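Visitor: Pasting the sequence and the predicted coordinates here, then a few questions.
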Amino acid sequence: MPLNHVVLARSLFGTSLAFHIIFATLGVGIPLLVAVAEITYALTRDSDYAIMAKRWTRGFTVILAVSITTGTIVALQLSLLWPRFMQVVGQVIALPFLIEVFAFFIEAVFMSIYVYAADRIPHKWRILSVSFVAIGAAMSALLITDANSFMNTPRGFRMENGRAVDVHPWLAVFNPALPTQDTHVLISAYMAVPFVLATIAANALVRRNISSREREHHTKALMLTLFLGGFFGILTAISGDLSGKFLAKYQPAKLAVAEGLFHTTKAAPLIIGGWPDASTQQVIGGLRIPGVLSFLATDRFDGVVKGLDTIPKSLWPPLISHELFDTMVGLGTLLILIAVIGWLFKTIRMRKTQYPFPKWYLFIVMLSGIMAIGAIECGWLYAELSRQPWTIYGIMRTAEAVTGAPYVGTMFILFILLYALLTIGTISVLRAYFLRHPLANDIEPGPIRPRKVVWLP
Amino acid sequence: MTDATWAAVLLWTLVFIYAIAGSIDFGSGFWALFYFKRTDVKAAMIASRYLSPLWEVTNVFLVLFAVSLVVLFPHAAFTLGNMLLVPGNLILILLTIRTVFMVYAHTSERFAYPLKFISGITGLLIPALLLTVFPIAQGGFSQRVGDHYILSLSALFSSPATYTYVALGILSELFLSSLFLGDYSRVADDRSAFITYRRQVLWLGPVTIIVAFICLWSISATAPWLRHGLILQGSWFVLSGTLFLLGMAMVLLARKPTDFSYRIGVIAIVLQYLMAMFAYGRAHMPYLVYPIVSIYDSFTNAEMFRAAIMVLIIGIAILFPGFIWFWRLFLENKAYLQKS
Ligand code: HDD
Ligand code: HEM
Ligand code: HEM
């Protein structure tokens, strides 16, 4: 196979996944936020939270459609673009894919009930059905990520003449990468989505012609989302640290490329930023913090961290991974900071004013959604690129997995066009919908005294 | 029966369910478009109501089929994956456009018509493309390259057999969706929609059967091995034909929405499709793709098979109550149907 064939297949598949993951992340996070809002409404009887749930759900139905169809695309493209890989999947790690289908069922059935039958079932059942949507979505994410963690740490089989023998399907499911990777993926989705919704609230709050009733509503939404974003942000950082320790143990080359560590080092420094240079085997520029990488990887400042020199150069992952990793971590740190600043404003100024957030801060929050999605994208690109040249780590190379069929390039162009169409379509439809159905139509008119604010403690 | 045969039965059952559910889903989208600007708007509304909660569940069956193929017959998935790159990806593009545009149409009042137009038309094309998998599996359109096979697109699309399958797919879609929408209007007690869909059933049924015969004839011309198998299953086809006649008679008898014989007609015609597909499947055995992939040499290992069956049984048991709730709320619920 010519190399550019593999590159085209990787580009097509990577594009499909990078597109799917945006909507999939929203699909995991929005039901959780809707459930939180519904429960808050049940506890406080503050109708603002019911309205939040309603409006988020309205947007969610459109996003869900894109999420489901693009998910169907990636699921089938796996077989179409990587038939050799799926041949192994079918023999060894098919269970998460199969169980995932039932998670989809749960999500689809309860979503229909929550959306189309909302007016015919009592509020208790509404909370129950949206919780099932959230559980179904979380399960899909956890299960598909399990397939990915199998690719990182394959277990439960041996390859003999192209067939898997000695197969233990459950051993493959409970592979060593599962706990850290699943935790990190789920929590980072729960971190990202609140920031996306915070962006929407901040966007409304900076408008000039906003009524005080609307301002009150959006301030509540902002506090809720900032709280959840910050809370899960801190958990994301903790679980990311655990992922790093996992890599040090099981996939040292992946950690080494993330940190630009060319040589196995005792008391290795953490290098933030900079450009890894293959010819000099040095990172050019960047901020060095002595010993910290050793501490992160091994819990000891003088621990030994394996470098890229432990594997042959032909197996090195692309060095760009260092940039992707640092971007993910950097964006995550900034987002936590944004949430903490919001909390400080609230604590310091809430007694004096009902609207504690200054305009410049709101402009920053407006960027947080895109930053959060960016962190997800960088994280996945890093995780997938730095597995190269392997598709199944140590067992099957990407060039072996790829389809033998022609026309991959043509398909790539068609799918780029499709994704462009979906991007434009989804944004326009959502914009048009919310312009036609402004918040003012949903909330009870007239100023209402702010009731107890329940979020951002 | 061997494990591989059971697995093939399971897979074929999924194809059957998706064929029926997909026909109703895509067909309803088309009828919602067809009646959009006509005076009998009721017919369009019934179709839209039916569609709203249904498409997600239908889509899951497609994914379940693809996953089950990989799980049960991984080596067949390898061969088919290589062969279906182009048709498979085209189906995915159409499926995405049809679904997403349909949901856009629900959300955007202003552009509802053009959006429904696109999703209705693509919904008609999807079964057409899906059905090309049948002639591919029937053999003769692939070339061996190294260790795998690739599909010859020009051979596929210059064969008349392909087009008879395509025609059968589109007609079945229109026929089955009219049939179910008729039943749905019956439950909703909507007389005008019922009359409309019943009339369609009465002319689409015979046309579909004629095309089915043409399709069988073209099979015997292009795939002697399959023809041989089909003849052996003759009695099942006779049973299927009888069920068709019974179904049409029952529909003919049902003149008002209150006539229960319509429901019997629906059941008879679903059974007719079941029998015909069962017979076709048996004739096709043991090949998944003739003559390169049989169910025996592509079957998965025993450990995976056992684990997969266990997961399927537990999954279906957990899901069942949710599905019953869904059915009660949408498909047999007059209040939902009549809500405007
Ligand atoms: C909101 C998104 C987000 C944020 C803020 C972070 N991550 Fe992350 N990270 C992901 C989103 C993500 C992800 C998209 O979920 C990845 C990609 C693949 C995966 O398993 O999770 C990931 C992968 C990933 C991996 C690779 C795991 C593997 O390949 O098995 C490591 C080591 C880290 N992350 C570490 C961190 C650290 C130390 C962070 C410090 C703040 C951090 N991440 C923030
Ligand atoms: C870790 C990254 C991913 C996450 C978090 C994720 C999550 C989700 C979510 C929440 C949905 C919506 C489910 C529904 O409403 O039914 C979805 C849809 C889907 N995803 Fe992904 N997904 C990821 C990657 C993938 C990959 C790599 C595949 C390919 C195997 C895949 C296959 C699917 C399929 C088939 C659907 C459509 C399900 C349906 O028909 O309802 N996903 N995904
Ligand atoms: C949804 C988030 C994901 C994104 C954004 C993503 C991104 C990518 C990218 C960019 C590539 C190309 C790699 C390269 O060219 O170096 C790739 C390859 C691949 N990914 Fe992922 N991926 C995601 C999740 C997953 C999951 C959950 C699975 C497991 C089912 C998976 C399976 C694969 C496979 C089989 C390949 C092709 C072989 C290879 O390049 O190793 N991906 N992905």
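Guide: Done, it's in. Residues are numbered from 1 along each chain as shown, chains lettered A, B, ... in the order given. Ligands and ions are numbered 1, 2, ... in the order given.
Visitor: so where do the helices sit in the stretch 1-150 of chain B?
Guide: Per DSSP state H, counting those that start in this stretch, the stretch 1-150 of chain B carries helices over the ranges B:3-34, B:41-51, B:54-72, B:74-83, B:85-107, B:112-131, B:133-138.
Visitor: next one: the stretch 351-457 of chain A
Guide: Using DSSP H, counting those that start in this stretch, helices in the stretch 351-457 of chain A cover A:359-385, A:398-401, A:408-436, A:439-442.
Visitor: contacting residues around whichever residue of the stretch 151-300 of chain A sits closest to ligand 2?
Guide: Residue nearest to ligand 2 within the stretch 151-300 of chain A (CB to the nearest ligand atom): A:Val185, separated by 5.4 Å. Backbone N, C-alpha and C define where each C-beta goes, glycine included. Going by CB atoms under 8 Å, 6 or more residues apart in numbering or on different chains, A:Val185 touches A:141-142, A:145.
Visitor: Spell out which helix or strand contains it, please.
Guide: Under the criterion of DSSP states H and E, A:Val185 resides in helix A:178-205.
Visitor: Could you list the low-pLDDT ranges of the chain?
Guide: By default, I'm working from chain A. Across chain A, the ranges flagged by pLDDT under 70 are A:1-3, A:117-119, A:267, A:278, A:280, A:291, A:350-354, A:444-457.
Visitor: that's the wrong chain, I wanted chain B
Guide: Short version for chain B, where the test is pLDDT under 70: B:38-53, B:330-340.
Visitor: Report the separation between the residue in the stretch 1-150 of chain A that ligand 1 sits nearest to and B:Val60.
Guide: Proximity of the stretch 1-150 of chain A to ligand 1 (CB to the nearest ligand atom) peaks at A:Thr145, 6.2 Å away. For A:Thr145, the distance to B:Val60 (CB to CB, to the nearest Å) stands at 19 Å.
Visitor: Compare neighbour counts for the two and give me the winner.
Guide: B:Val60 (23 against 20; other CB atoms under 10 Å in any protein chain shown).
Visitor: Look up the closest residue to the more buried one, ignoring the ones flanking it.
Guide: A:Phe104 (4.9 Å; CB to CB, 6 or more residues apart in numbering or on different chains).
Visitor: which helices and strands does the strand or helix carrying the one you found pack with?
Guide: Under the criterion of DSSP H and E, A:Phe104 resides in helix A:94-116. Judged by 3 or more CB pairs under 8 Å, 6 or more residues apart in numbering or on different chains; DSSP states H and E, the packing partners of helix A:94-116 are helix A:47-81, helix A:123-152, helix A:169-173, helix B:54-72, helix B:302-326.
Visitor: got CSV for those, with distance to ligand 3 too?
Guide: Below are those laid out as CSV (distance: least, CB to the nearest ligand atom, whole Å):
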stretch, distance to ligand 3
helix A:47-81, 6
helix A:123-152, 4
helix A:169-173, 13
helix B:54-72, 11
helix B:302-326, 17
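Visitor: A:Ile370 is nearest to which of the ones you listed?
Guide: helix A:47-81 (15.7 Å; CB to CB).
Visitor: Let me have the contacts of A:Val185 in TSV, extended by distance to B:Ala112.
Guide: Shown next, in TSV, are the contacts of A:Val185 (distance: CB to CB, whole Å):
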residue	distance to B:Ala112
A:Ala141	33
A:Leu142	37
A:Thr145	38
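Visitor: Next up, the contacts around residue 295.
Guide: In the absence of a named chain, this looks at chain A. Contacts of A:Phe295 by CB under 8 Å, 6+ apart are A:301, A:303.
Visitor: Not quite, go with chain B.
Guide: So B:Ile295 contacts B:4-5, B:7-8, B:73, B:76, B:285-288 (CB under 8 Å, 6+ apart).
Visitor: try it again with 10 Å
Guide: B:2-5, B:7-8, B:11, B:72-73, B:76, B:284-288 (CB atoms under 10 Å, 6 or more residues apart in numbering or on different chains).
Visitor: Next one: it from ligand 3, what distance?
Guide: Distance, B:Ile295 to ligand 3, by CB to the nearest ligand atom, to the nearest Å: 26 Å.
Visitor: Tell me, how many residues neighbour the residue in the stretch 51-200 of chain A that chain B sits nearest to?
Guide: Ranked by CB to the nearest CB, the top residue of the stretch 51-200 of chain A for proximity to chain B is A:Gly90, at 2.7 Å. Neighbourhood size, A:Gly90 [other CB under 10 Å]: 29.
Visitor: leaving aside the residues next to it on the chain, what's closest to the residue of the stretch 351-457 of chain A found nearest ligand 2?
Guide: Going by CB to the nearest ligand atom, ligand 2 is nearest to A:Trp380 of the stretch 351-457 of chain A, at 7.3 Å. In this structure, A:Trp380 finds its nearest non-sequential neighbour in A:Ile21, 6.0 Å apart by CB to CB, 6+ apart.
Visitor: hang on, that neighbour in a strand?
Guide: No. Counting by DSSP: H, G, I helix; E, B strand; the rest coil, A:Ile21 is located in no strand; its state is helix.
Visitor: Please tell me I have it right and it contacts A:Glu377.
Guide: Yes. If you go by CB atoms under 10 Å, A:Ile21 and A:Glu377 touch, sitting 7.0 Å apart.
Visitor: Between those two, point out the one with more neighbours.
Guide: A:Ile21 (23 against 19).
Visitor: which residues does the more buried one contact?
Guide: Here A:Ile21 is in contact with A:67, A:70-71, A:74, A:141, A:185, A:189, A:373, A:376-377, A:379-381 (CB under 10 Å, 6+ apart).
Visitor: Can you sort out which of the residues you listed also neighbour ligand 1?
Guide: A:185, A:376, A:379-380 (CB under 6 Å from any ligand atom).
Visitor: out of those residues, which touch ligand 3?
Guide: Answer for these near ligand 3 (CB under 6 Å from any ligand atom): A:Trp380.
Visitor: ranking the ones next to ligand 1 among the contacts of A:Ile21 by neighbours, who comes first?
Guide: Highest neighbour count within the ones next to ligand 1 among the contacts of A:Ile21: A:Val185, with 28 neighbours (other CB under 10 Å).
Visitor: ok, now which ones touch the closest residue to A:Glu323 other than its chain neighbours?
Guide: Excluding the flanking residues, the one nearest A:Glu323 by CB to CB, 6+ apart is A:Trp275, at 7.8 Å. By CB under 10 Å, 6+ apart, the contact list for A:Trp275 reads A:260, A:282-286, A:319-320, A:322-323.
Visitor: Columns secondary structure and neighbour count on top of those, output as CSV?
Guide: Converted to CSV, the contacts of A:Trp275 look like this (DSSP: H, G, I helix; E, B strand; the rest coil; neighbours: other CB atoms under 10 Å in any protein chain shown):
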residue, secondary structure, neighbour count
A:Gly260, coil, 28
A:Gln282, strand, 16
A:Val283, strand, 21
A:Ile284, strand, 10
A:Gly285, coil, 11
A:Gly286, coil, 17
A:Leu319, coil, 18
A:Ile320, coil, 15
A:His322, helix, 25
A:Glu323, helix, 18
